[in-house]
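> Compute the structure for the input listed below.
(chains A and B)
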Amino acid sequence: EAAVTQSPRSKVAVTGGKVTLSCHQTNNHDYMYWYRQDTGHGLRLIHYSYVADSTEKGDIPDGYKASRPSQENFSLILELASLSQTAVYFCASSDLGQDTQYFGPGTRLLVL
Amino acid sequence: GDSVTQTEGQVALSEEDFLTIHCNYSASGYPALFWYVQYPGEGPQFLFRASRDKEKGSSRGFEATYNKETTSFHLQKASVQESDSAVYYCALSNTGANTGKLTFGHGTILRVHP
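Numbers count the residues shown, from 1 in each chain, chains lettered A, B, ... in the order given. Modelled structure (predicted):
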């Protein structure tokens, strides 16, 4: 079965440190997305990508970078982690021309 | 920009009660509408979608009808079970923009008591 996996599943980071969240999909999908989930805000789009080696800014990109080295892999990078970036992060993928997205299990990030 | 507004906070029901979670949208063009469900400790799962006026989407006993006049896509289920306890998200995709991006509502927590 096609799947989206994320690593790590949880992480504790220190403020000012660098954090990399990874996402891998076996759906053979072209589009990949990073969201953050906060109580009261639902899911908000951080970055997305249509194709390998290219990324686009979503609705809340400040403080985050993204990298898409291959069709299967999409990373979210926090160069200088801050307390406000404590949240649950979800990766998703969708097929070209299709708008249904398939989500990974999430990464719970706590920044201290 | 596009937006989705859904029933705020939490809905508490007993088993076999009727469920309605309201969803209203604002978007340019003719968006596709979605419901996603998220169980504790998991990522959101696609429930169903509808892409044209009067179309009904359904899955697992849940259903919603696309209403362009009232810009709504309310989720309903005739008889909920404790296993339906989860967070439900309404979302839209602005197909005219052709980006695949989804705009989500804030989510509604459903708690079903035995």
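
> who's in contact with the closest residue to chain B within chain A?
Of all residues in chain A, the one sitting closest to chain B is residue A:103 (3.4 Å; C-beta to the nearest C-beta). For glycine as for every other residue, the C-beta is placed from the backbone atoms N, C-alpha and C. For residue A:103, the contacting residues are A:4, A:90-92, B:43-45, by C-beta atoms under 8 Å, 6 or more residues apart in numbering or on different chains.

> Which of those residues fall within helices?
Assignment to helices by DSSP state H places none of those there.

> Am I right that residue B:8 is in contact with residue B:108?
Yes - counting by C-beta atoms under 8 Å, residue B:108 is a contact partner of residue B:8 at 7.4 Å.

> Between those two, tell me which one has more neighbours.
residue B:108 (21 against 13; other C-beta atoms under 10 Å in any protein chain shown).

> wait, isn't the more buried one in contact with residue B:12?
No - if you go by C-beta under 8 Å, residue B:108 and residue B:12 don't touch, sitting 11.2 Å apart.

> Nearest to chain A within chain B, name that residue for me.
Chain B approaches chain A most closely through residue B:43 (3.4 Å), counting by C-beta to the nearest C-beta.

> how near is that residue to residue A:10?
14 Å (C-beta to C-beta, to the nearest Å).

> Of those two, give the one with the bigger neighbour count.
Neighbour count, other C-beta under 10 Å: between residue B:43 and residue A:10, residue B:43 has more, with 22 against 10.

> Report the contact partners of that one.
The neighbours of residue B:43, taking C-beta under 8 Å, 6+ apart as the test, are A:4, A:90, A:92, A:103-106.

> Leaving aside the residues adjacent along the chain, what's closest to residue 48?
No chain in the question, so chain A it is. Excluding the flanking residues, the one nearest residue A:48 by C-beta to C-beta, 6 or more residues apart in numbering or on different chains is residue A:33, at 4.4 Å.

> could you do chain B instead?
Nearest non-adjacent residue to residue B:48 (C-beta to C-beta, 6+ apart): residue B:57, at 3.7 Å.

> tell me which residues form a beta bridge with that neighbour?
When bridges are called by DSSP bridges, residue B:57 pairs up with residue B:64.

> Could I get the pLDDT score of it?
For residue B:57, the model assigns a pLDDT of 97.

> thought it was touching residue B:74?
No - look at residue B:57 against residue B:74 with C-beta under 8 Å: they stay out of range, at 11.4 Å.

> any residues in contact with both of the two?
Counting by C-beta under 8 Å, 6+ apart, the residues touching both residue B:57 and residue B:74 are B:64-65.

> So which residues on chain B come close to chain A?
Chain B comes close to chain A at residues B:32, B:34, B:41-46, B:49, B:89, B:93, B:95, B:99-102, B:104-107, as judged by C-beta under 8 Å from any C-beta of the partner chain.
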